[in-house]
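> build me a model from this:
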Amino acid sequence: MIKSTLKFTIAITFIWIGFICSISFMEAWLKFQAPNITTSLGLGIGKLVFGALNKVELFSSFSIIALFIYSNEKPKIKYTLFFTIAFLILIIQTIWLLPNLNERASKIIQGISVPKSQLHFVFIALECIKVICLTLFGKNQLNQLN
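Next comes the predicted model:
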């Protein structure tokens, strides 16, 4: 991969990790600690913020894919495996998990009682796996600079 393209890929990867860690692992639960934040208000903020995060993640992933294509080199599988896993998790979250969590949040905001769900735990587990994969992908990309 061309070194300048590789540097952009590395930058995008670690910025993406920063977004996930800031939103999923800090903002998500911290907003409920603020004074006067109701569950409905917190869920409404969460829907907005996670929708924006999803768009940033999709942009990041497609930017990395475009950089791979632009480099005119076929990347080695060992360097793209972790990215591929993270990308697949993102697609699952975009198509299935976030819409289900949004629907659940909307019902709670409307005052509709919903049964307990494991969706948040699934989301957290996938976020952890995604961050690990992106970190390993970024590390592999950094190793290619040497």
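> can you list the buried residues in stretch 136-146?
For stretch 136-146, a neighbour-count test (16 or more other CB atoms under 10 Å) marks 136-138, 140-141 as buried. In this view, the C-beta of every residue, glycine as well, is placed from N, C-alpha and C.
> no no, stretch 21-29
By neighbour count on 16+ other CB under 10 Å, the buried set for stretch 21-29 is 23-24, 28.
> also stretch 42-60?
Using 16+ other CB under 10 Å as the test for burial, stretch 42-60 gives 42-43, 45-47, 50, 53-54, 57, 60.
> over to stretch 61-78?
61, 63-64, 67-68, 71, 75.
> need the buried residues of stretch 136-146 in TSV (columns: secondary structure, distance to Ser4 and pLDDT).
Putting the buried residues of stretch 136-146 into TSV (DSSP: H, G, I helix; E, B strand; the rest coil; distance: CB to CB, whole Å; pLDDT from 0 to 100) gives the following:
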residue	secondary structure	distance to Ser4	pLDDT
Leu136	helix	22	96
Phe137	helix	18	96
Gly138	helix	17	96
Asn140	helix	18	93
Gln141	helix	13	93
